[in-house]
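Asker: below are the sequence and a predicted model for it; my questions follow.
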Amino acid sequence: MTKTPLANRMKKNELYVVITSANRETLEQSWIVYGDGAPRLYAKHALDRRILDDTPICTTWNSTLGRLWNGKGPVMVPVSMLMESPATIRRWADSQREVDPQVVIDYVNRVYPPESPDSDSVRSEIQDVAFNNRWWVEGHPQGTLSDLLQFLQSVQSECERFDDDNVIAEHEDELSSEAHDYFSSWDDFSEPDDDDPVTFGYRRANLDEDIDSVDLLYAALGGDVVVATLSALNAAG
């Protein structure tokens with residue numbers, strides 16, 4: 001019996017990634033990626049030759065991990081099944097070749113609709129972003145959410161040059177002024193604690209949270225909002 005071609009088994013308007021392996025202990029997955037590490041996203045109309053026509057599509061983690069652990073991978077899964085935040089998936093857009101980047105943005109906005117500007121979560125993020133980025137506003141009094149997001153993403157990209165267990169203070173001279181400013185805001189260049197020095201992996205978790213917060217506001221309020229006005233905007237609401 002002839003197996004239905006992969007493209008015919010893919011849903012219209014869904015995006016997919018191809019997972020090649022998964023660690024049994026940590027559940028960390030390996031995907032087919034681009035050179036910058038961003039996963040290659042695929043759609044019904046957008047595949048490449050590396051994806052075999054008999055690649056299975058899994059829609060639950062039980063079936064996905066079962067196949068991978070039994071040597072029956074790689075497998076294709078919907079992006080909507082991933083644990084990554086909307087901000088992370090949106091950041092993958094610029095790397096895409098098979099799928100138009102705008103398709104990725106539209107997909108994220110459809111699957112993860114932006115919060116209402118009046119929602120409690122947005123108001124909470126306004127307060128947090130305004131407070132946590134006061135140091136950035138001092139140097140960028142007219143800086144917008146778009147500017148802040150771009151700044152944080154540039155620091156994130158730079159962090160990828162270092163291993164998670166590298167101590168930040170030991171690489172101070174290798175950092176750009178942007179990364180130096182960000183880590184300085186956390187006082188990461190003071191004398192490192194011998195027992196618990198601050199590493200790139202430790203601080204990257206904070207950076208990812210900062211990006212997700214700004215991205216949520218970007219989606220809800222628009223990128224042109226001046227960060228310095230957030231506190232007043234929240235009070236007015």
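Answerer: Looks like it came in fine.
Asker: check which element follows the longest strand belonging to the chain along the chain.
Answerer: For the chain, the strand reaching the highest residue count under DSSP state E is reported as strand 16-22. Using DSSP states H and E, the helix or strand that directly follows strand 16-22 along the chain is strand 29-31.
Asker: isn't Asp165 right next to Arg204, touching?
Answerer: No: here Asp165 lies out of contact with Arg204, judged by C-beta atoms under 8 Å, at a distance of 11.4 Å. C-beta: built from backbone N, CA, C; applies to glycine.
Asker: low-confidence ranges, the chain, go.
Answerer: For the chain, applying pLDDT under 70 flags the ranges 1-2, 190-195, 233-237.
Asker: mind listing what's buried in the longest strand of the chain?
Answerer: Tyr16, Val17, Val18, Ile19, Ala22 (16 or more other C-beta atoms under 10 Å).
Asker: over to stretch 29-37?
Answerer: Within stretch 29-37, the residues that qualify as buried by neighbour count (16+ other C-beta under 10 Å) are Gln29, Trp31, Ile32.
Asker: and stretch 62-76, by the same measure?
Answerer: By 16+ other C-beta under 10 Å, the buried positions in stretch 62-76 come out as Thr64, Leu65, Arg67, Leu68, Gly73, Pro74, Val75, Met76.
Asker: helix/strand/coil for the third one?
Answerer: Look at Arg67: counting by DSSP: H, G, I helix; E, B strand; the rest coil, its state is helix.
Asker: just give the closest residue to it, not the sequence neighbours.
Answerer: Leaving aside its sequence neighbours, Arg67 sits nearest to Val75 (C-beta to C-beta, 6 or more residues apart in numbering; 5.2 Å).
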